[in-house]
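[1] Dropping the sequence and predicted coords here.
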Amino acid sequence: MNGVSSTKTKVLRLRLKDKHAKFLSDLAREVNFVWNYCNELQITMFNRERRFLSGYDFAKFTRGATKEGLHLHSQTVQAIAEEYATRRRQCRKVRLGWRKSTGSRRSLGWIPFKKVATQVTHGQVKFAGQWLSLWDSYGLDAFQIRAGNVCEDARGRWYLNACVAVPVAEPVDRSAAWRDVGIDLGLKDLVATSDGEKQSAPQFYRGLEAKLAVAQRAGKKDRVRAIHAKIANRRKDSLHQFSTHLVRGYDAIYVGNVNASALAKTPHAKSVLDAGWSAFRTMLRYKCDFAGATFAEVNEAFSTQTCSACHSRSGPQGIAGLGIRAWTCGECGTVHDRNVNAAKNILAAGRRRLAEGIPALLGRGRTSKSVPSWGR
Ligand SMILES: [Zn+2]
């Protein structure tokens, strides 16, 4: 997909797991220490020379601070000094308030960082030498973090606010008609749409099964791990492509609320766990958010058994029915592809829900919103 003209900066807010609270509070105390040191320095400097310090000036004084027992990244110390200088300038004051680490008027934790001070892998963020777990609601791996901060809210919960660059494509002309699509998440066909498009799961393994078998027989654990990682990457890649393609093509996307953990208890467990439904849904949700498209999860009960043409429940049933690819409706004689039929029912359910829930949205196309095209 082409048409990428520029990037825009977004701030992603992600909740960090509570187990890191102690570690982060300790860091925040050090931040307060650095902040107050800057304040003190500024007061002294003003009294003595009637001069204001810039972020750059502070660097000369704070250099080496991280070697003196602070655990903060040197770039974080620099970020604090710059923020101090900026805010003091904005407030047009000689000095700012002190940050308090204890007592009833304690300042809420705040730890800024710069690009070099973080690292993201597998849904974890490395921060001040520690890997932090978080609820990765955006798929952080897909973004380049530029800068940001870690901060605490009034309830003592910690969040990562990450500034990321998001490529912006030329706005797509959506003046024509509102387009919506239903999506069925399955086993063999990982994704099937109500318009008949499909993305199949086995393609991720293509050419790798043999290599995997050889490595497993030879007991080469590292090699096996590497091949599995490759398969996972291929899957993620193609899910990114497909979700981007969908978000660019439709104004509303409805996905069934398929329950992976319920199916995982059956012999299909492996392919279910493999399927990456939740990853795909997460991608769709945030890409829709950014593009201003509607995203909804709908109850997909009976979506497989119901004929999308005549609404009789004449389709394949139960676990045994999972193997059936195509069927003919006994009531109206329509021939269905199992997954596409399910996607059509999900589309109908999504339209019903939209009509009940947010009537104003129906029939109104996106006009000025631009569509991102990351994920290639
Ligand atoms: Zn029928």
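    Received the coordinates, thanks.

[2] burial measure for residue 56, as a count.
    11 (other CB atoms under 10 Å). All C-beta spots, glycine's among them, are computed from the backbone N, C-alpha and C.

[3] That should have said residue 226, apologies.
    Around residue 226 there are 12 residues (other CB under 10 Å).

[4] so it is in which element?
    Secondary structure from DSSP states H and E places residue 226 in helix 221-249.

[5] same check, this time on residue 192
    Counting by DSSP H and E, the element that carries residue 192 is strand 189-193.

[6] circling back to that earlier point, tell me the strands beside the next helix or strand after the helix holding residue 226, with direction?
    Next along the chain after helix 221-249, taking DSSP H and E as the criterion, comes strand 252-256. Here strand 252-256 has these sheet partners by DSSP bridges: strand 180-185 (parallel), strand 294-298 (parallel).

[7] now what about strand 252-256, what contacts it?
    178-185, 246-247, 281, 284, 288, 293-300, 303, 342, 346-347, 349-351, 353-354, 361 (CB atoms under 8 Å, 6 or more residues apart in numbering).

[8] Now the buried members of the residues you listed.
    Using 16 or more other CB atoms under 10 Å as the burial test, these include 180-185, 246-247, 281, 284, 288, 293-298, 300, 303, 342, 346-347, 349-351, 354 as buried.

[9] For residue 26, which non-adjacent residue is closest in space?
    Distances taken as CB to CB, 6 or more residues apart in numbering put residue 71 closest to residue 26, at 7.5 Å, once the chain neighbours are dropped.

[10] Below-threshold pLDDT in the stretch 151-300 of the chain: ranges please.
    Scanning the stretch 151-300 of the chain for pLDDT under 70 picks out 167-176, 201-204, 259-275.

[11] in it, what residue is nearest the ion?
    Closest to the ion within the stretch 151-300 of the chain is residue 194: 15.8 Å, counting by CB to the ion.

[12] In contact with that residue: list those residues for me.
    181, 182, 183, 340, 343, 344, 346, 347.

[13] would you list those in TSV and tack on distance to the ion?
    As requested, these are exported to TSV (distance: CB to the ion, whole Å):
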residue	distance to the ion
181	21
182	17
183	21
340	14
343	16
344	11
346	17
347	16
